Each structure stands twice: as C-alpha cells, then as structure tokens.
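*Asks:* Here you go, sequence then predicted model.
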Amino acid sequence: MMCLAVTANAQFGVNVGVSSMTFNGDVGKKRHANFSGNTKLGYNLGVDYRYGKYIGIGLNGVYGKLQGSDNDLSSHRNFMTTVYGGELNVFAYFDRMKVNEKEVAPFISVGVGYLKFDPKGDLLDKNGTSYVYWSDGSIRNLTESTANDPNSVILKRDYKYETTLKDSAVAYSRGCLYLPISVGGKFQISYRLSVRVSANYNMAFSDYIDNYKTGGNDSWLGANATFNIKLGAKPHDIYSNVDFSQIDAMDHDGDGIPDLRDNCQGTPKGVDVNMHGCPPDGDEDGVPDYMDKELNSARNANVDGIGVTIDEEAAARRQLLWDSTAAERSDEFNSMPSASYLKKVEAQSKEISGKSGKQSSIPEELRAADYDKDGYISAAEITKTIDGFFDGNSPFTVESLNRLIDYFFEQ
C-alpha cells in the first residue's frame with residue numbers, strides 16, 4: 001500500500017488515504033471462493049516532496065489488516081494479522097514532459113518499507129472448543145468417526161482470531177522488509193487539493209506473514225485512493241494583475257480590428273479597412289488605394305512605393321547609382337555626422353530612386369525607430385532615436401544604432 005502527491009512547485013504535501021489489502025500467500029490459495037474474499041481495508045498517512053519535473057520522494061505510514069482462509073478437504077487453515085509499516089518511496093512523474101502542468105498526471109513509484117505483523121488464527125469457538133473439520137463440510141467438537149457421529153456437536157466459526165500462531169520448528173521474526181511498487185494517476189481538484197488513485201503490489205521479504213512457510217515469499221495487492229493537501233505559500237503569478245481580455249481587444253491603429261486579427265497594423269486613422277484590418281487595393285499592386293498615385297496599374301506591373309508603374313530599365317539605373325554611392329554616403333556620415341546630412345541623403349534617395357518612404361522590410365530589431373509606423377526610417381526618426389539614446393529613453397545600443405544608420409543608407 002502506498003500513496004503519491006504531485007506538488008507543482010517543489011513543495012511539501014500531506015497525504016491521507018484508504019486502500020484495499022488483498023493477501024497473496026500460502027493461506028487462502030484453497031479458498032474456492034472469490035478472490036476479494038481475503039480483502040481487508042488499510043489506511044495510510046504520509047508526506048512527500050517533489051524535485052523538479054520528474055522526481056519526488058515520500059514517507060508513508062501504513063496501517064491495516066491481512067487475512068487468509070482455506071476451505072478445502074485438505075486444508076482449513078486461517079489467519080489474520082494487524083500490520084503496521086513505514087515506507088520510503090521514489091516517484092517518477094510524467095505530467096510535465098511537454099507542458100508545465102496537466103489536470104491528470106500518470107506516475108510510477110518504487111520504494112522500501114518495514115512491516116510489523118503478528119498472525120493469529122480462529123481455532124476456537126466462543127466457548128473455547130477447538131474446531132474439528134469433518135469431510136461432510138461441517139465443523140464439530142469431536143474427531144471424525146462413526147462412533148463420534150451421534151455424540152458430536154456441530155459448531156459455527158465465530159471469526160474471532162484469538163490464537164497466536166507459531167511455527168513449532170522456527171521462531172521466526174514478526175517483522176520484515178517489503179518492496180512497494182505502484183502505478184496510478186493524479187487528478188488535480190484545485191491548486192492545493194488533489195486525489196490520486198493507484199494499484200500497488202507489495203512484496204514481503206518473509207514467508208511467515210500467514211505463519212506458514214510452504215512456498216515463496218508472501219505479498220499483497222492493493223487499490224489506493226489518497227487525498228493530498230499541498231503546503232506552503234502559493235507561488236506568485238506574474239500575470240495575476242494582467243487583464244488578458246483587454247489585451248485581446250487592443251487596437252493600436254484604431255481601425256476597429258483588434259491587433260490579434262489585424263494583418264495590416266499601422267493603418268492611418270480614417271482609412272476604411274476590411275475584416276482583416278487591411279485597406280482596399282483596387283488594382284492589387286500591393287499599394288493600398290489611400291497611398292496609390294496610380295489607381296489602375298496594369299495587373300502584375302512592378303510599381304514603386306506610391307503605386308506608380310516602374311520603368312524597369314530606369315529603375316535598374318537608379319538602383320545601381322544608389323547602391324554605388326551608399327557606402328560613400330555612410331563613410332561621409334561617420335566622419336562628419338549631422339542631422340542636416342541625413343536629411344540631404346533622404347532627399348537624394350527619393351530623387352534618385354523615386355521611393356516614397358512606404359516600405360515594409362525594416363528588420364525587427366530596428367522597427368522601434370519607425371515612430372510613425374510608415375515602414376520607412378526617415379532622417380527625423382534617426383535623429384529622434386539618437387537623442388533618445390543619450391537621454392536614456394531608447395532600447396537601442398551603440399551597436400544597434402550603427403546598424404540602424406547603415407540600414408538608413410541602404411533602404
């Protein structure tokens with residue numbers, strides 16, 4: 001018999017439970033009745049402690065009764081003993097192999113315990129008369145014979161185990177080690193309260209629990225139900241003050257579509273959007289109508305940031321010119337950094353490339369500098385980010401500022 005507690009945050013638990021105890025030994029094998037006829041109740045009380053995700057230990061006290069009775073022409077042995085025990089168990093848990101916690105958690109455990117027993121037999125009736133079993137199934141006060149038949153008195157067992165059983169040849173120890181093995185599942189009722197059900201097998205290192213040594217060591221089976229109360233302060237939930245319903249309803253661009261469902265966040269106020277938060281794009285050129293300076297571009301035409309069809313040859317020349325001077329502009333800024341130079345470069349880039357500033361490829365780590373959420377890092381935003389860095393109000397480091405400036409020249 002054993003119990004288990006699963007403590008979610010490495011805390012102590014106190015356990016109390018009840019268990020069936022079905023003896024399996026020399027006495028009771030010739031019962032010729034249902035298997036559960038030798039089943040008695042047992043009780044357990046203990047504490048345990050869980051380490052990490054998978055391992056725990058527990059100390060458990062056991063109290064109960066074991067009994068066995070034969071009912072066969074060759075054997076009418078019987079016994080009952082009160083048992084007291086204590087055990088140390090090691091548990092393996094399987095509830096957090098993929099997630100933090102489950103409402104139902106399987107487990108296995110194995111341990112070692114020490115059991116005290118003192119077998120007694122029901123050999124006498126209420127008047128102290130010894131039972132004599134006759135071949136016709138009756139119990140009488142005289143040995144079976146034709147002469148004693150008319151003079152014998154039929155007795156009934158009183159099931160009071162009054163006689164201490166002993167082996168006439170061996171003064172055996174009335175205590176032994178045993179090995180408890182258990183499998184089961186835990187059902188979490190609340191943070192502090194859980195109930196566990198388990199099946200267990202207990203192998204004793206003695207063949208004398210029933211007073212008879214005629215085979216292998218005795219054992220008993222059990223079905224256990226245990227309540228566990230978790231002790232200690234409940235861990236602080238860092239999200240206890242968070243209103244998740246409010247987070248789910250957040251709509252930063254104010255277009256009426258919550259951020260969780262908004263595929264086009266940053267839409268300017270007043271622009272109509274569809275159910276996915278995206279503004280209409282009549283010619284499907286990738287530039288929404290409110291930004292599109294050419295609303296009827298040919299299908300599959302290449303367009304610039306304002307939706308105007310691009311002359312491929314001219315665009316290639318502009319891009320080559322832009323790329324060839326990007327490194328030169330960056331070096332010049334590093335030697336003589338100034339806000340006016342950034343604005344000059346910004347104006348040149350729009351003149352050379354025809355870009356409007358409506359881009360969508362800003363690296364994630366640099367997007368904090370896009371203050372107006374238009375998908376383009378402007379000279380003013382570079383200046384604001386640098387000022388914030390020196391004021392201590394910026395998430396940027398020296399390294400990320402350098403990457404931001406490089407990106408500005410390359411965009």
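*Replies:* Done, it's in.

*Asks:* so where's the stretch 251-400 of the chain shaky on pLDDT?
*Replies:* Counting by pLDDT under 70, the stretch 251-400 of the chain contains low-confidence ranges at 311-339, 341, 345-346, 348-361.

*Asks:* Let's see that with 50 instead.
*Replies:* Where the stretch 251-400 of the chain drops to pLDDT under 50, the residues are 353-358, 360.

*Asks:* Let me see the ranges of the helices in it.
*Replies:* All helices of the stretch 251-400 of the chain, identified by DSSP state H, counting those that start in this stretch, fall at 312-335, 339-353, 379-391, 398-410.

*Asks:* Just the CA atoms of the last one, as PDB, please.
*Replies:* Extracted as PDB, the C-alpha positions of helix 398-410 are listed here (Å, rounded to 0.1, in the frame of the first residue of the first chain):
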ATOM      1  CA  VAL A 398      25.700  51.600 -29.700                       C
ATOM      2  CA  GLU A 399      25.800  48.500 -32.000                       C
ATOM      3  CA  SER A 400      22.200  48.600 -32.900                       C
ATOM      4  CA  LEU A 401      22.400  52.400 -33.600                       C
ATOM      5  CA  ASN A 402      25.200  51.700 -36.100                       C
ATOM      6  CA  ARG A 403      23.100  49.000 -37.700                       C
ATOM      7  CA  LEU A 404      20.100  51.500 -37.800                       C
ATOM      8  CA  ILE A 405      22.300  54.100 -39.600                       C
ATOM      9  CA  ASP A 406      23.600  51.600 -42.100                       C
ATOM     10  CA  TYR A 407      20.000  50.500 -42.800                       C
ATOM     11  CA  PHE A 408      19.000  54.100 -43.400                       C
ATOM     12  CA  PHE A 409      21.600  54.500 -46.100                       C
ATOM     13  CA  GLU A 410      20.700  51.200 -47.700                       C
END
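
*Asks:* Would you mind pulling up the elements that that helix packs against?
*Replies:* Here helix 398-410 touches helix 312-335, helix 339-353, helix 379-391, going by 3 or more Cβ pairs under 8 Å, 6 or more residues apart in numbering; DSSP states H and E. C-beta coordinates here come from the backbone N, C-alpha and C atoms, glycine included.

*Asks:* now with 6 Å?
*Replies:* With contacts defined as 3 or more Cβ pairs under 6 Å, 6 or more residues apart in numbering; DSSP states H and E, the packing partners of helix 398-410 are helix 312-335.

*Asks:* Quick check: residue 63 touching residue 44?
*Replies:* No: between residue 63 and residue 44 there is no contact under Cβ atoms under 6 Å: 7.6 Å.

*Asks:* okay, the two: which has more neighbours?
*Replies:* residue 44 (22 against 14; other Cβ atoms under 10 Å).

*Asks:* Three-state assignment for the more buried one, please.
*Replies:* Using DSSP: H, G, I helix; E, B strand; the rest coil, the structure places residue 44 in strand.

*Asks:* Any idea what it is bridged to?
*Replies:* residue 17, residue 62 (DSSP bridges).

*Asks:* Tell me the pLDDT of it.
*Replies:* With respect to pLDDT, residue 44 has a value of 96.

*Asks:* Surely it touches residue 17?
*Replies:* Yes: contact criterion Cβ under 6 Å: residue 44 and residue 17 qualify, at 4.9 Å.

*Asks:* Please name the residues that touch residue 130.
*Replies:* Contact analysis of residue 130 by Cβ atoms under 6 Å, 6 or more residues apart in numbering lists residue 124.

*Asks:* partners of it in the sheet?
*Replies:* In beta-bridge terms (that is, DSSP bridges), residue 130 pairs with residue 124.

*Asks:* what's the domain layout of the chain?
*Replies:* 12-122+163-230, 124-158, 238-272, 332-411 (automatic domain parsing).
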